[in-house]
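J.: What follows is a predicted protein model with its sequence.
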Amino acid sequence: MAIKLLDDRLINKIAAGEVIERPASIVKELVENAIDAGSTKINVYISGGGIDSIEISDNGSGIPYEEVALAFKRHATSKITQEADLFNIDTMGFRGEALPSIASVSRLELYTQYGTQNGVRALLEGGQKPDIEPYPTAPGTKIIVRDVFFNTPARKKFLKSAVSEGIHIHDIISRLALSRPDISFTFANEKKLYFKTPGSGELRDTVISIYGQDYARNFLDLEWSGEDYTLQGLISKPEFPRVNRKNQTFFVNHRWVKSPMLSRAVDEAYRGRLLSREYPAVFLFLSIPKAEVDVNVHPQKAEVRFRDEKVIFRMISHGIRDRMDNSAHPTAATEETGSEFQSWSNQTGNLDFLRGFSKTSGNYMTNSAISFDRTGLTNEIPPYKALDKIDLIMEDSGFAIIGQCFDSYILVEKADGLWLVDQHAAHERILYSRLAEKNSDAESNSQVLMFPLAFDISSERMDLLEEKRAIFREIGFEIEALGPNSAIIRSAPPQLQGREIEVIGECLELLEDERPIDLEKEISAMIACKQAIKAGQNLSRQEMAMLINDLLQVKDYKNCPHGRPTMIEINRLDLDKRFKRK
């Protein structure tokens, strides 16, 4: 086949496939241009999930009349002039691909007014040459994009529903608003206002505008400065864990980025403060010399490379950990043991073993008036909490408690071998089974609250809550909307006991993933995980025995509700082989 040069229209369509994946990509590119133009107010209005129309207006510098046509040429940009500029980028955009790519797959109108010049209007359709004329308009720029992918139906059929595309746009504009708290952003979908940020320069004000006051109060302010780097933002308190990493947002020099390394650094900072399958929420701003980061990795400019990842990793993990160490909030791993275990004993229903147990001067008292020190005899041979074999043998179950290892694992002797039991996973399975038994009684699945609970919520999540209200009703919640960003809980599953708002928030996070889930089982698993005794929590011999006994009474006792093993079994024969006895 003969080699030939492609025409500009086809070149632009090919380029658009890299830059414009969906309507949210259009919003991202145009808003970034508005930011680069020095705007202090940016308005975004969409309809049909952005497929039908996207309108973005700003009060930035505008485009001079003589440069309007050039703005729609590929690789025409005012932001870089030479190769060296690629390593000193301080603007959001720089490739000069966005406007021609958008114009090639849509019907586009541009209105702009620069300085003291008269206004200009430009009309384009499917990448054709722009029709430009003088037109009275407000200072700044307004761009209207209609009928996205109208001339590339093969691309259009791969788009999701209008609701799904609208959610993607909401996510994009939220990140951009968070990246610049000094700019006032307004976002509306189908004429419904979702949020308007104040542009005060305070990150917390922006978080409140988007996610609500109830969400924002769970964060600590973070500020750390070094010789070349600064780290600022908000980090969640350890008692506010999330079910996934969707609530982790990173900005490098005010650019939103995706970075597994940054996520690992946050995980390291929270190590020992959260349970497995729990994740912190963060809004982190990293400011570093522009030459230390490469943003020219991918057309979306979301992936970056750092010159020295180890330094960045240490700075983030140490900075977050120091901030939490200096806060007054208890962590999951260091909460006072007595109240935690007393809550567990009340949940298990096995009170005949430790009936009437109460906390007295650091001891737990049984009804037989025998006092057991809460630490038992377990401080003598660290790190193993080894005990002499005791006569606490449950004859019906046939096991003996040997001791506790690392305040996390219970060593149990069976006739045919040894068990190492994860105390948190085991207790989680016990509580989950108890909840499942209660939930099987439909009449006890919901309880009217004496004092209804009002809470703030983002407009995006309010939409999801309204859409899924029937599902919440089926599992025992009666929720009413109070306004565009607030709701009230009138009834809830009785076992939640003060965690109603927290559980609703986590359920909405799960529903956002658009994957099929059994919400009732997920809620039971959440409750069980939060109420279970923690790793690092010292237990007495009696407490260990009660936990093992209860575990053996439930179905599927070898795994927690999330699928993690509750125990590791070591066969007696295997032990003999390892010690060369067989």
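T.: Structure's in. What do you need?
J.: mind listing what's buried in the longest strand along the chain?
T.: As assigned by DSSP state E, the longest strand anywhere in the chain is strand 447-456. For strand 447-456, the buried set under the neighbour-count rule, 16 or more other CB atoms under 10 Å, comprises Phe455, Asp456. Where C-beta positions appear, they are placed from N, C-alpha and C, glycine not excepted.
J.: Each with direction, which strands does it pair with?
T.: strand 486-492 (antiparallel) (DSSP bridges).
J.: So which residues make contact with the partner strand?
T.: 212, 446-449, 452-457, 462, 465, 476-482, 500-501, 504 (CB atoms under 8 Å, 6 or more residues apart in numbering).
J.: can you rerun that using 10 Å?
T.: Strand 486-492 is contacted by residues 212-214, 445-449, 452-457, 461-462, 465-466, 469, 472-473, 475-482, 496, 498-501, 503-504 when judged by CB atoms under 10 Å, 6 or more residues apart in numbering.
J.: From these, list the buried ones, please.
T.: Here, 16+ other CB under 10 Å leaves 212, 214, 445-446, 455-457, 461-462, 465, 469, 472, 475-479, 496, 499-501, 503-504 buried among the contacts of strand 486-492.
J.: Take these and keep only those in helices.
T.: Asp214, Arg461, Met462, Leu465, Arg469, Phe472, Glu500, Ile501, Val503, Ile504 (DSSP state H).
J.: Quickly note the distance from the last one to Gln542.
T.: Distance of Ile504 to Gln542, given as CB to CB, to the nearest Å: 37 Å.
J.: Domains of this protein: list them as residue ranges, please.
T.: Split into domains by automatic domain parsing, the chain comes to 8-200, 218-325, 335-445+493-582.
J.: export those domains to a markdown table and tack on distance to Ile208 and mean pLDDT?
T.: What follows is the domains of the chain, written out as a markdown table (distance: least, CB to CB, whole Å; pLDDT from 0 to 100):
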| stretch | distance to Ile208 | mean pLDDT |
| --- | --- | --- |
| domain 8-200 | 9 | 87 |
| domain 218-325 | 10 | 88 |
| domain 335-445+493-582 | 15 | 71 |
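J.: wait, which of these is closest to Thr206?
T.: Each of the domains of the chain has some distance to Thr206 by CB to CB; the shortest is domain 8-200, at 4.5 Å.
J.: Pull the distance from the closest one to the chain's centre.
T.: 27 Å (CA atoms, centre = their mean, to the nearest Å).
J.: likewise stretch 192-206?
T.: Worked out by CA atoms, centre = their mean, stretch 192-206 lies 19 Å from the chain centre.
J.: same question, stretch 276-293
T.: Distance, centroid of stretch 276-293 to centroid of chain: 13 Å (CA atoms, centre = their mean).
J.: Kindly report the same for stretch 234-249.
T.: 6 Å.
J.: shouldn't Gly115 be in contact with Gly60?
T.: No - with contacts counted by CB atoms under 10 Å, Gly115 stays clear of Gly60, the gap being 11.7 Å.
J.: what touches both of the two?
T.: Pro139.
J.: which SS state does Ala122 fall under?
T.: The three-state label given to Ala122 by DSSP: H, G, I helix; E, B strand; the rest coil is strand.
J.: Actually, Ser174.
T.: helix.
J.: Could I get the pLDDT score of the spatially closest residue to it that is not a sequence neighbour?
T.: In this structure, Ser174 finds its nearest non-sequential neighbour in Ile210, 5.3 Å apart by CB to CB, 6 or more residues apart in numbering. As predicted, Ile210 sits at a pLDDT of 93.
J.: Tell me if I am right that Ile210 is in a helix.
T.: Yes - judged by three-state DSSP, Ile210 forms part of a helix.
J.: so who does the residue sitting nearest the centre point of the chain touch?
T.: Centroid check for the chain by CA atoms, centre = their mean gives Asn247 as the closest residue, at 2.2 Å. For Asn247, the contact set (CB under 10 Å, 6+ apart) comprises Tyr211, Tyr215, Ser236, Phe240, Pro241, Tyr279, Pro280, Ala281, Val282, Phe283, Glu509.
J.: If you drop the residues flanking it in sequence, what lies closest to the last one?
T.: Right, the one you point to is Glu509. Using CB to CB, 6+ apart, the closest residue to Glu509 is Val243 (5.3 Å).
J.: do the fifth one as well
T.: Ranked by CB to CB, 6+ apart and with sequence neighbours excluded, the top spatial neighbour of Pro241 is Glu278, at 3.6 Å.
J.: Ok, Pro64 next?
T.: With CB to CB, 6+ apart, the residue lying closest to Pro64 is Tyr114, at 4.7 Å.
J.: wait, the one you found sits on Ala71?
T.: No - when contacts are counted by CB under 10 Å, Tyr114 is not listed as touching Ala71 (11.5 Å).
J.: Could you tell me which residues touch both of these two?
T.: Counting by CB under 10 Å, 6+ apart, the residues touching both Tyr114 and Ala71 are Ile63, Pro64.
J.: all strands for the stretch 201-350 of the chain, in order.
T.: Here the stretch 201-350 of the chain has its strands, by DSSP state E, counting those that start in this stretch, at 219-225, 230-236, 248-252, 255-257, 282-287, 293-294, 305-306.
J.: Leu30 is nearest to which of those strands?
T.: strand 255-257 (15.3 Å).
J.: From the contact counts, what lies against the closest one?
T.: helix 23-36, helix 162-179, strand 248-252 (3 or more CB pairs under 10 Å, 6 or more residues apart in numbering; DSSP states H and E).
J.: May I see the buried residues of the second one?
T.: The neighbour-count criterion (16+ other CB under 10 Å) identifies 162, 165-170, 172-179 as the buried residues of helix 162-179.
J.: where does His424 fall, phi/psi-wise?
T.: Note on His424: its backbone torsions stand at phi -70, psi -50 [degrees, to the nearest 10].
J.: give me every residue that touches it.
T.: 275-276, 332, 408-409, 529, 532-537, 560, 564, 566.
J.: How much space separates Trp419 from Tyr557?
T.: Trp419 is 11 Å from Tyr557, by CB to CB.
J.: Identify the contacts common to these two.
T.: Joint contacts of Trp419 and Tyr557 (CB under 10 Å, 6+ apart) are Ala426, Ile548, Leu551, Thr566, Met567.
J.: Neighbour-wise, give me the winner out of the residues you listed.
T.: For the shared contacts of Trp419 and Tyr557, neighbours were counted using other CB atoms under 10 Å, and Ala426 has the most, 28 neighbours in all.
J.: Let's verify it: helix, strand, or coil?
T.: Strictly by three-state DSSP, Ala426 counts as helix.
J.: show me the contacts for it.
T.: Counted by CB under 10 Å, 6+ apart, Ala426 has contacts 409-410, 419, 532-533, 544, 547-548, 550-552, 554, 557-558, 560, 565-567.
J.: ok, now Leu262?
T.: Applying CB under 10 Å, 6+ apart, the residues contacting Leu262 are Gln248, Phe250, Val252, Val282, Leu284, Leu286, Val304, Phe306, Glu309, Ile312, Phe313, Ile316.
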